[in-house]
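Undergrad: Need the 3D shape of this:
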Amino acid sequence: MSPRRLPWNNPDSGAWKADANTHDLTVEINFREASAWVTALADRPCEGHERRVAELTLHLATAADLIHSERDVRQIVWAGLLHDIGKVAIDPRILNKPGPLTPTEFEAVQQHPSLGYRLARTAPQIDSETLGGILHHHERWDGEGYPMGLIGESIPLLARLLKITDVYDALVSDRPYRAAWTADEAATYLLQHSGMAFDPRLIQIFAYRVLPFHQQPTFPLG
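TA: Numbering: from 1, shown residues only. Take a look at the predicted model:
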């Protein structure tokens with residue numbers, strides 16, 4: 001994804017309305033197709049966190065002027081819905097544990113990006129950039145993430161986008177081990193970890209250009 005503004009994300013363009021409708025239709029179709037595939041694979045509805053991450057990532061990529069084709073939309077939708085698909089292979093007792101994980105349990109959880117990559121690459125609809133987003137969405141800007149310890153811009157761009165939206169949605173959602181944070185608390189956390197866990201440029205865009213105007217749902221989810 002390289003920066004370029006298209007008519008459908010440029011309100012000054014005369015083609016804004018028609019192209020926006022076309023874009024929304026494409027997003028809806030992609031959500032339906034991807035959701036059906038996830039549901040079949042995981043034997044559960046694709047909802048909640050996955051959909052919110054996909055939507056937030058679309059918002060962030062648009063605000064960062066990174067979407068320049070319908071292919072980019074498709075990659076974001078698929079990566080957002082599939083980023084945690086590897087968790088289907090992890091013991092749910094670990095995933096739903098209300099207390100701290102043991103080192104062994106945490107190591108098991110850390111396998112989910114690699115497991116998700118292996119599952120997702122069996123689908124012909126999934127391209128290499130989408131797979132990179134799934135595999136690397138737990139990398140950190142400072143190189144302390146997993147599974148490969150990539151650093152800075154060596155982390156695929158889609159994975160850097162997902163890192164932000166995945167963490168934000170996790171923070172503002174109830175978890176077995178803690179109550180949901182407020183949006184302000186989550187935004188403060190993200191900004192405090194800019195340049196450490198997160199791409200500093202993308203964090204600024206997310207905090208100041210996406211969150212103040214974000215309302216769910218914006219895109220049709222099918």
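
Undergrad: Please name the residues that touch Ile203.
TA: Contacts for Ile203 were tallied using CB atoms under 8 Å, 6 or more residues apart in numbering; they are 164, 190-191, 194. Every residue, glycine included, has its C-beta placed from N, CA and C.

Undergrad: show me where pLDDT drops low in this protein?
TA: The chain contains residues with pLDDT under 70 at 1-47, 215-222.

Undergrad: The residue nearest the centre of the chain sits in which helix or strand?
TA: In the chain, the C-alpha nearest the mean C-alpha coordinate belongs to Leu162, at 3.3 Å (CA atoms, centre = their mean). Assigned by DSSP states H and E, Leu162 belongs to helix 157-171.

Undergrad: Check which helices and strands that helix sits against.
TA: Under the contact definition 3 or more CB pairs under 8 Å, 6 or more residues apart in numbering; DSSP states H and E, helix 157-171 sits against helix 49-63, helix 70-82, helix 128-136, helix 183-192, helix 200-205.

Undergrad: Using PDB, write out every CA atom in it.
TA: The C-alpha coordinates for helix 157-171 follow below in PDB (Å, rounded to 0.1, in the frame of the first residue of the first chain):
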ATOM      1  CA  LEU A 157       2.900  -2.000   6.800                       C
ATOM      2  CA  LEU A 158      -0.300  -4.000   7.100                       C
ATOM      3  CA  ALA A 159       1.000  -5.600  10.300                       C
ATOM      4  CA  ARG A 160       1.900  -2.200  11.700                       C
ATOM      5  CA  LEU A 161      -1.700  -1.000  11.100                       C
ATOM      6  CA  LEU A 162      -3.100  -4.100  12.700                       C
ATOM      7  CA  LYS A 163      -0.900  -3.800  15.700                       C
ATOM      8  CA  ILE A 164      -2.500  -0.500  16.600                       C
ATOM      9  CA  THR A 165      -6.100  -1.400  15.900                       C
ATOM     10  CA  ASP A 166      -5.800  -4.800  17.500                       C
ATOM     11  CA  VAL A 167      -4.300  -3.400  20.800                       C
ATOM     12  CA  TYR A 168      -6.800  -0.500  20.900                       C
ATOM     13  CA  ASP A 169      -9.800  -2.800  20.500                       C
ATOM     14  CA  ALA A 170      -8.500  -5.200  23.100                       C
ATOM     15  CA  LEU A 171      -8.000  -2.400  25.600                       C
END
